[in-house]
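> no sequence on hand, only this structure:
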């Protein structure tokens, strides 16, 4: 340990060998489980004296070669899912911003009712909220899905942003106030951008959950991806293709969620690079540094104006 900052000893030969053996055993067991599942699904089945082909039989997958099948899936199911998810995500983020600011207000008659409202929305299941909006407000299936997702996820995003505001060092606010900013200006221009950047992974993770929760629109009759594939196309093509339709819906959902996660990681890396090169950075924690920076900027502006004259 001398001359080193390593907290734990490096694994020895026995530990590395044991780790390698466990990794190989786990991999073999996983491959065995996958192979067993494929064999079970692909085995022919008896039903009412009729032998049905396995799930991976080509006769169960011929619909994927039909262009009309993909046209209906993409332009109806995927489009309706993304349309509801995008609008709900924008509304949820906007609502989360408003709720986080109201929840962190120093005024009690604003902060306490907002906290009660957030807890109410967080505690209500999304499906019940969709049904309530559909039956009571009569907004239609699309807006019932969008409104319920926006309200529920907006409450969660608002709490995440409030946690980000609370986690900021006190020096950020003190530095902003010391240069003449008002409390609201400090919160909007200095504190909130940093809290949003810190909570961005949580916000994006919640947006992935929002995208998956669009499948709850199946219950209220909204024509999203799950209802289009398993209900509409399942009724059209018959139960023979249900496993195929399930696989198609699963792959499309997985592609959309992984794309959103990849975008979040790219956005986080881009923000880190901008932070490292100094293009974007937090306000100084020391108020005296903030005053020096403000005086330097003021002096630079005065010198520029004198040079122009």
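Done, it's in. Only a predicted model underlies this, so the values are computations on that prediction, with no experimental measurement involved. Numbering: from 1, shown residues only.

> just for this protein, where's the confidence low?
Along the chain, the model assigns pLDDT under 70 to residues 1-11, 47-49, 268, 271-309.

> quick one: neighbours of residue 137, just the number.
11 (other Cβ atoms under 10 Å). All C-beta spots, glycine's among them, are computed from the backbone N, C-alpha and C.

> I should have written residue 199 there, sorry.
Look at residue 199: counted by other Cβ under 10 Å, it has 22 neighbours.

> ditto for residue 21
10.

> confirm that it sits in a helix.
Yes - inclusion of residue 21 in a helix is indicated when DSSP: H, G, I helix; E, B strand; the rest coil is applied.

> how about it, what does it touch?
By Cβ atoms under 8 Å, 6 or more residues apart in numbering, no residues touch residue 21.

> for the remainder of this discussion, apply numbering that starts at 206.
Sounds good: first residue 206 from here, last item residue 226.

> distance-wise, check the nearest residue to residue 392 once chain neighbours are set aside relative to residue 338.
Once flanking residues are discounted, residue 392 sits nearest to residue 306: 7.0 Å by Cβ to Cβ, 6 or more residues apart in numbering. With the distance defined as Cβ to Cβ, to the nearest Å, residue 306 ends up 25 Å from residue 338.

> quick one on the thing from earlier: so the residue nearest to residue 392: helix, strand or coil?
Look at residue 306: counting by three-state DSSP, its state is helix.

> tell me where the stretch 256-405 of the chain has helices.
272-277, 284-308, 313-328, 331-337, 346-372, 375-383, 388-390, 397-403, 405-418 (DSSP state H, counting those that start in this stretch).

> reformat those helices into JSON lines and put mean neighbour count and distance to residue 220 next to each item.
Rendered in JSON lines, the data for those read as follows (neighbours: other Cβ atoms under 10 Å; distance: least, Cβ to Cβ, whole Å):
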{"stretch": "helix 272-277", "mean neighbour count": "12", "distance to residue 220": "51"}
{"stretch": "helix 284-308", "mean neighbour count": "20", "distance to residue 220": "46"}
{"stretch": "helix 313-328", "mean neighbour count": "14", "distance to residue 220": "44"}
{"stretch": "helix 331-337", "mean neighbour count": "17", "distance to residue 220": "46"}
{"stretch": "helix 346-372", "mean neighbour count": "22", "distance to residue 220": "37"}
{"stretch": "helix 375-383", "mean neighbour count": "18", "distance to residue 220": "44"}
{"stretch": "helix 388-390", "mean neighbour count": "12", "distance to residue 220": "55"}
{"stretch": "helix 397-403", "mean neighbour count": "18", "distance to residue 220": "36"}
{"stretch": "helix 405-418", "mean neighbour count": "18", "distance to residue 220": "32"}
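
> relative to residue 224, which of these is closest?
Distances from residue 224 to each of the helices of the stretch 256-405 of the chain were compared using Cβ to Cβ; the shortest belongs to helix 405-418, at 29.1 Å.

> angle of the closest one against helix 346-372?
Angle between the axes of helix 405-418 and helix 346-372 is 160 degrees (criterion: axes from the mean of the first three to the mean of the last three Cα atoms, to 10 degrees).
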